[in-house]
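K.L.:
need a structure here:
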Amino acid sequence: MAMATTKTEDAADFDAGSTLEPAPAPSTAAVPAAMATMPNVSGVDTDGQLVELWLRNKRSRHTQLYYARHAEAFCAELNATGRSLRTACVADLQSFVDGLSGSDSSRGTAASSIKSLLSFGHKTGYLPFDVGVAVKAPKGPSSLHERILSEADVHELIASDPSLRNRVLLRLLYASGARRSELCGLRWRDVQPRDDNGGQITVQGKGAKARAILLSAATWADLVRLREHVGNEGDAEEPVFPSRKGGKPMLPQQVFKIVRAAAKRAGIDGNVSPHWLRHAHASHALERGAPIHLVQATLGHASVATTGVYLHARPGDSSGLYLAV
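P.N.:
Below you'll find the model as predicted:
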């Protein structure tokens, strides 16, 4: 069975090269006794039901499909040896990770998705142990520095699109640092003026968490111009960025196509995507002196450590600049 690969979090260390013999798998008979001290509050009785319940916590349909493939592959490996998630051991997960193909980053994604499933199963009491905590997900080298556009590139990309709607969309991707899915869900009720001639938008981020993002006067003026252009000033429920068919919200795939086409017109090399503009927002804001916690709040990062990677990708200073060479 082919196994897709993605990228998620890693966890605790596990020495895959250890000379110690792997511990024997817990017997099926031992599982009920172990679980007696941890009530099963999951409400499910089978591995398949657990996977379905776990996937419901993934808001993105893309993520659900993506994680489902990994879970199916891991469960298939277990079933081939007469095992299940309840009787899986560390060696089972390590064997699965070792058998993955692709880069360290892609293998790390697959491993992390299974670690997430095992953690969820243990927290809900369905699994007696979380064997995933002992396995480290492979990590590849960071390529973030390759995906940060210069300010000149960003302005050229925005100006290259002949469509007013698309130009405002591109500008807002950069100015707000919002994810493309967040802007697709934006409606005019979420757009409000402010006393400083600027405005703000309120987006729904991961985990259904709303966050308000302030806009400069220039970006706000563009949004006002767009609303006047589409002529729906009175309809607060209309999407800010409708599709060209039926007035429904634009799909994230369409946003991707708009960004890619604009980058091509601007002569920017690389597989430019909407997330590049989010990267650019974070990098440029930090370079211009924005406090890291403010950038964190604007982007909706759960941890300031996530925002901090932009400082390392394009640092503003280095000891190398102090050398006489």
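
K.L.:
how does the protein divide into domains?
P.N.:
30-134, 145-316 (automatic domain parsing).

K.L.:
Just put these in JSON lines and tack on mean neighbour count.
P.N.:
(Each C-beta comes from the backbone N, C-alpha and C, glycine too.) What follows is these, written out as JSON lines (neighbours: other Cβ atoms under 10 Å):
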{"stretch": "domain 30-134", "mean neighbour count": "17"}
{"stretch": "domain 145-316", "mean neighbour count": "17"}
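
K.L.:
how about the ones you listed in a markdown table, adding mean pLDDT?
P.N.:
Putting these into a markdown table (pLDDT from 0 to 100) gives the following:
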| stretch | mean pLDDT |
| --- | --- |
| domain 30-134 | 86 |
| domain 145-316 | 85 |
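
K.L.:
wait, isn't Ser105 in contact with Lys139?
P.N.:
Yes. Under the criterion of Cβ atoms under 8 Å, Ser105 makes contact with Lys139 at 7.0 Å.

K.L.:
Which parts of this protein are helices?
P.N.:
All helices of the chain, identified by DSSP state H, fall at 30-35, 47-55, 61-80, 90-98, 104-123, 151-159, 164-176, 180-184, 217-230, 252-265, 274-287, 292-299, 304-313.

K.L.:
In JSON lines, list these along with distance to Phe129.
P.N.:
Converted to JSON lines, the helices of the chain look like this (distance: least, Cβ to Cβ, whole Å):
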{"stretch": "helix 30-35", "distance to Phe129": "7"}
{"stretch": "helix 47-55", "distance to Phe129": "14"}
{"stretch": "helix 61-80", "distance to Phe129": "14"}
{"stretch": "helix 90-98", "distance to Phe129": "9"}
{"stretch": "helix 104-123", "distance to Phe129": "6"}
{"stretch": "helix 151-159", "distance to Phe129": "48"}
{"stretch": "helix 164-176", "distance to Phe129": "43"}
{"stretch": "helix 180-184", "distance to Phe129": "35"}
{"stretch": "helix 217-230", "distance to Phe129": "51"}
{"stretch": "helix 252-265", "distance to Phe129": "38"}
{"stretch": "helix 274-287", "distance to Phe129": "36"}
{"stretch": "helix 292-299", "distance to Phe129": "34"}
{"stretch": "helix 304-313", "distance to Phe129": "28"}
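
K.L.:
Which among those helices is found nearest to Gln200?
P.N.:
Nearest of the helices of the chain to Gln200, taken as Cβ to Cβ: helix 217-230 at 8.5 Å.

K.L.:
quick one: that closest one to chain centroid distance?
P.N.:
Between the centre of helix 217-230 and the centre of its chain there are 29 Å (Cα atoms, centre = their mean, to the nearest Å).

K.L.:
and the angle for it with helix 164-176?
P.N.:
Taking axes from the mean of the first three to the mean of the last three Cα atoms, to 10 degrees, helix 217-230 and helix 164-176 form an angle of 150 degrees between their directions.

K.L.:
How much space separates Leu299 from Arg107?
P.N.:
27 Å (Cβ to Cβ, to the nearest Å).

K.L.:
next one: Phe129
P.N.:
23 Å.

K.L.:
surely Gly205 meets His301?
P.N.:
No. Contact status for Gly205 versus His301: not in contact, 9.7 Å apart, counting by Cβ under 8 Å.

K.L.:
end to end, how far does stretch 173-191 reach?
P.N.:
Distance across stretch 173-191, first residue to last, is 15 Å (Cα to Cα, to the nearest Å).

K.L.:
For Leu215, give me its contacts.
P.N.:
With contact taken as Cβ atoms under 8 Å, 6 or more residues apart in numbering, Leu215 is in contact with 172, 175-176, 198-201, 223.

K.L.:
For Tyr174, see how far away Arg167 is.
P.N.:
Using Cβ to Cβ, we find Arg167 at a distance of 11 Å from Tyr174.

K.L.:
hey, what's in contact with both of those two?
P.N.:
Common contacts of Arg167 and Tyr174 (Cβ under 8 Å, 6+ apart): Ile158.

K.L.:
got the contacts of Leu215 as TSV, with distance to Leu251 columns?
P.N.:
What follows is the contacts of Leu215, written out as TSV (distance: Cβ to Cβ, whole Å):
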residue	distance to Leu251
Leu172	16
Ala175	21
Ser176	19
Gly198	29
Gly199	25
Gln200	25
Ile201	19
Leu223	21
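
K.L.:
Greatest separation within the residues you listed: which pair is it?
P.N.:
Farthest-apart pair in the contacts of Leu215 is Leu172 and Gly198; separation 13.0 Å (Cβ to Cβ).

K.L.:
Need the residues touching each of the two.
P.N.:
Shared contacts of Leu172 and Gly198, counting by Cβ under 8 Å, 6+ apart, come down to 215, 219.

K.L.:
Ends of stretch 224-236, what's the gap?
P.N.:
One end of stretch 224-236 to the other measures 13 Å (Cα to Cα).

K.L.:
Please compute how far that stretch lies from its chain's middle.
P.N.:
Its chain's C-alpha centre and that of stretch 224-236 lie 31 Å apart, by Cα atoms, centre = their mean.
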